[in-house]
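**Q** what's the 3D shape of this:
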Amino acid sequence: MRSQIGSMNNVKIFVLYLMRNINYPLDYVTLNEIVMQTDYVMYLDFAVAFHEMLDGGLITEVEQNEQGEGLYAVTDRGRIVAEQLKSDILPSILEQSLGAALRYLDFKRRDIKIRSDAKAKADHTVDVTLTVTEAGRTLLSTTVNVDSERRAEMIRENFRDRPEIIYRGILALLSGKMDFLFDK
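**A** This next block holds a predicted model:
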């Protein structure tokens, strides 16, 4: 199976674009996890691309973390490749993937975890429970009852894609600071 993003060159461009825009060194595991936040790149394609970029001088190990794992950054050559060839990939794919990567890194740093569950009811409605925790402390937990499994899955998918926006929106609504909802 091949990555949705296409060729191995596109995989490399995709990874270089993310690394260049994150702009600080990452270990291999974290880099793999941010690339996997969207379904555009398959794990095996990432692994091959990573080693080819390392061998080709597009990325380099700049230091090691406390565990002795290498931390990698984009080289000047890699920056040029990412900038000149990023037009080979749809801008919406790059923007969505960068947003997911930055959110993942922020959530990882803050130890934020999200969870969404759906439970069908006897009356054919579905309870959807959304939870956000930080370092084991619940920041948000809410349950909404919806009319169908399809709507429940849409809510769960939107929550998985944009948990920080949903969290901030709920806080704004509950605190009465909801001017963003109205055109002024």
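**Q** tell me how far stretch 125-137 is from the chain's mean position?
**A** The chain centroid and the centroid of stretch 125-137 are separated by 19 Å, computed with CA atoms, centre = their mean, to the nearest Å.
**Q** Could I get the average pLDDT for it?
**A** Average pLDDT, stretch 125-137: 93.
**Q** so where do the strands sit in the protein?
**A** Ranges of strands in the chain, per DSSP state E, are 26-27, 59-64, 70-74, 112-120, 126-134, 137-146.
**Q** Kindly spell out which helices and strands sit in contact with the third one.
**A** This points to strand 70-74. helix 8-22, strand 26-27, helix 28-35, strand 59-64 (3 or more CB pairs under 8 Å, 6 or more residues apart in numbering; DSSP states H and E). Just so you know, the C-beta spots here come from the backbone N, C-alpha and C atoms, and that holds for glycine as well.
**Q** Using JSON lines, lay out those together with mean pLDDT and distance to V126.
**A** Below are the helices and strands packed on strand 70-74 laid out as JSON lines (pLDDT from 0 to 100; distance: least, CB to CB, whole Å):
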{"stretch": "helix 8-22", "mean pLDDT": "91", "distance to V126": "35"}
{"stretch": "strand 26-27", "mean pLDDT": "93", "distance to V126": "38"}
{"stretch": "helix 28-35", "mean pLDDT": "91", "distance to V126": "30"}
{"stretch": "strand 59-64", "mean pLDDT": "96", "distance to V126": "45"}
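**Q** Quick one, grab the pLDDT at the closest residue to M19 other than its chain neighbours.
**A** Spatial nearest neighbour of M19, chain neighbours left out: V74 (4.7 Å); criterion: CB to CB, 6 or more residues apart in numbering. The score at V74 is 96. That number is its pLDDT.
**Q** Is it correct that V74 is in contact with A82?
**A** Yes: using CB atoms under 8 Å, V74 is in contact with A82, at 6.8 Å.
**Q** quick one: which of the two has more around it?
**A** Taking neighbours as other CB atoms under 10 Å, V74 and A82 compare with V74 leading, 25 against 22.
**Q** how about CSV for the strands of the chain, with distance to K177 added?
**A** Shown next, in CSV, are the strands of the chain (distance: least, CB to CB, whole Å):
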stretch, distance to K177
strand 26-27, 35
strand 59-64, 42
strand 70-74, 39
strand 112-120, 22
strand 126-134, 19
strand 137-146, 16
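**Q** So which of these is nearest E157?
**A** E157 sits nearest to strand 112-120 of all those, at 8.7 Å, using CB to CB.
**Q** Packing partners of the closest one?
**A** helix 91-110, strand 126-134, helix 149-161.
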